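Student: Sequence and predicted model, in that order:
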Amino acid sequence: MLIIISGRPGSGKSSLAEHIAEKYRLRYISAGEMFRKIAKEHGFEPKGEEFLRFHRELEKNAELSRRIDKEVDMKIVAEAKKGNCVIEGWLAGHFVSKADVKIFLNVPLKIAAERIAKREKIKDSLRITIERERSFLRRVRREYNVNPNDVSRYDFVINTANLLQRDTEKIVDTIIQVIQ
C-alpha cells in the first residue's frame, strides 16, 4: 500500500502519517524530516527564525536549493517505488504519480502558525510561518513551476482547522478501509 499525505506546514501531515504508519504497519517517509535534517547539516536549527533564514538562503542560492530539493524529491520517489509506506510532504503528491490514495490536508494560515508555535515553542510564529511559506512557494515556482496547494492531484482534501487529530485519523482510517 502507498499513501501520500500532503498539505501546508501545520496542517497535521506528520501526525497523521505517523498514525497511518503505525496502524497499518507501513514505513513512514517524511519529506519534512529529510529537509530539516539537511537544514541542520548546513548549520541551521530547523525551527523558528533559524529555519526561516535557511529558507531565505535557499531562495538566494538557486544551485544549492536545486541540489537539496532534488535530493529530497528523488528519495521520496525511490521510497514510493518500494511501496508499503506512507509518505508525507507538501510536494509529495506532485512527485509520486501513482498511489493507493493521495490526501491533502488544508488549514488556514493563522491556525497553522498557532500549531507550529506550539510544536516548535516559538514566538512570532505567524510572521515566521508566512515568510517561510512565501519563500518556499517562490522556490517551488522557480524550480518546478507548480502550485503546492493545487489539490487536483489528490483523491481527498480535508480541512483540519476544526478537527482534533483523532477526528482526522478517523476520517482517514475510513478512507483507507474503503480502498483496501
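Tutor: Cool, the structure landed. Everything quoted here is computed from the prediction, not taken from an experiment.
Student: what's the helix or strand of the chain with the lowest mean pLDDT in contact with?
Tutor: When the helices and strands of the chain are scored by mean pLDDT, DSSP states H and E, helix 109-120 comes last with a mean of 85. With CB atoms under 8 Å, 6 or more residues apart in numbering as the contact definition, helix 109-120 has outside contacts at 8-12, 47-48, 107, 122-123, 125-126, 128-130, 133, 161. No exception for glycine: its C-beta is placed from N, CA and C like everyone else's.
Student: Now list the buried members of these.
Tutor: Buried residues within the contacts of helix 109-120, defined by neighbour count using 16 or more other CB atoms under 10 Å: 8-12, 47-48, 107, 122, 125, 128-129, 133.
Student: How about the secondary structure of L105?
Tutor: Assigned with DSSP: H, G, I helix; E, B strand; the rest coil, L105 falls in the strand class.
Student: right, and it touches I4 too?
Tutor: No - using CB atoms under 8 Å, L105 makes no contact with I4, being 11.1 Å away.
Student: Skipping its backbone neighbours, what lies nearest the most centrally placed residue in the chain in space?
Tutor: Nearest residue to the geometric centre of the chain (CA atoms, centre = their mean): G89, 2.8 Å. Nearest in space to G89, with sequence neighbours left out and distances taken as CB to CB, 6 or more residues apart in numbering, is A31 at 2.7 Å.
Student: and that neighbour, what does it touch?
Tutor: So A31 contacts 72, 76, 87-92 (CB under 8 Å, 6+ apart).
Student: Out of those, the closest to E57 would be?
Tutor: Of all the contacts of A31, E57 sits closest to V72, with 15.9 Å by CB to CB.
Student: Could you check how far the closest one is from K118?
Tutor: Separation of V72 from K118 (CB to CB, to the nearest Å): 25 Å.
Student: ok, now L163?
Tutor: 16 Å.
Student: which one of those two has more residues nearby?
Tutor: Taking neighbours as other CB atoms under 10 Å, L163 and K118 compare with L163 leading, 16 against 11.
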